[in-house]
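[1] mind looking at a prediction? Sequence and model below.
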Amino acid sequence: MTETAQHPAVQHPVHLRIRRHRDGMGRIGKANDWLATHLAVVFGVCWTIWVFFIVPIVAYFLPAGLQGHIFFFSSGWIQLFALPLMVYVGNKLQRSSDAQSEVIHSALSHIATVSDQNKTLIEQNTELTKQGHALIAANTALTEEVRAAIAVKATPAKRLATKTERSSERGTG
């Protein structure tokens, strides 16, 4: 599985949760946290469910004294140990969910801010493009005027024909 590249403006929710959860914990607290998490993983395995399902069925066929001990320890152990463990892990998951929500909010806020900046830049670019087109049109019109003025200056001026030239044109034509 490939890992997604991290952006410096967005924290990973797991790292945020771990930092918030474990800040201020001593070595014993961190060891307890690690052990509780790994015990919860064991409780979350399907085989644990089957063991808790099969033990009372098997205990039914055992002698009554042994049944009482099995039921006492299994029910007491589950209630006094496993349930608080699951509550602890549930709280830890809630902190993880809260951290993920905060990271998503932070990322969406960053995206919205950048989107607003992009919109402003696009509007400015559109305005500058319009001004550029207007300048090009004005430059083209000015260039045409200058060319026309140069063309007028460059054409030789017509001079009036003299009487002799006119009479010679009539006589030949």
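    Thanks, I have the structure now. The structure presented is a predicted model; accordingly, all values stated were derived computationally and were not measured.
[2] return the list of helices and strands in contact with the longest helix belonging to the chain.
    Criterion DSSP state H: the longest helix present in the chain is helix 83-154. Helices and strands touching helix 83-154, by 3 or more CB pairs under 8 Å, 6 or more residues apart in numbering; DSSP states H and E, are helix 13-22, helix 27-43. For the C-beta atoms, the positions are set from N, CA and C on the backbone; glycine is no exception.
[3] let me see the mean pLDDT of that helix.
    On average, the pLDDT along helix 83-154 is 88.
[4] name the residue closest to the centre of the protein, please.
    When CA atoms, centre = their mean is applied to the chain, the residue found nearest the centroid is residue 107 (5.3 Å).
[5] ok, it to residue 120 distance?
    21 Å (CB to CB, to the nearest Å).
[6] sorry, back to before: deepest-packed of the helices and strands packed on helix 83-154, please.
    Burial of the helices and strands packed on helix 83-154 is given as mean neighbour count (mean count of other CB atoms under 10 Å); helix 13-22 ranks first at a mean of 15.
[7] average pLDDT across that one?
    In this model, helix 13-22 carries a mean pLDDT of 68.
[8] check stretch 58-65 too.
    The predicted model assigns stretch 58-65 a mean pLDDT of 89.
[9] next one: that stretch to chain centre, how far?
    Its chain's average C-alpha position is 59 Å from that of stretch 58-65, according to CA atoms, centre = their mean, to the nearest Å.
[10] okay, the helices and strands packed on helix 83-154 in JSON lines with distance to residue 131 next?
    Listed next are the helices and strands packed on helix 83-154 as JSON lines, based on distance: least, CB to CB, whole Å:
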{"stretch": "helix 13-22", "distance to residue 131": "46"}
{"stretch": "helix 27-43", "distance to residue 131": "62"}
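[11] for residue 165, find the nearest of the ones you listed.
    Among these, the nearest to residue 165 by CB to CB is helix 13-22 (100.5 Å).
[12] my guess is residue 36 meets residue 87, correct?
    No - judged on CB atoms under 8 Å, residue 36 makes no contact with residue 87 at a distance of 10.3 Å.
[13] ok, back up a step: chain center to the longest helix of the chain, what's the gap?
    For helix 83-154, the distance to the chain centre is 16 Å (CA atoms, centre = their mean).
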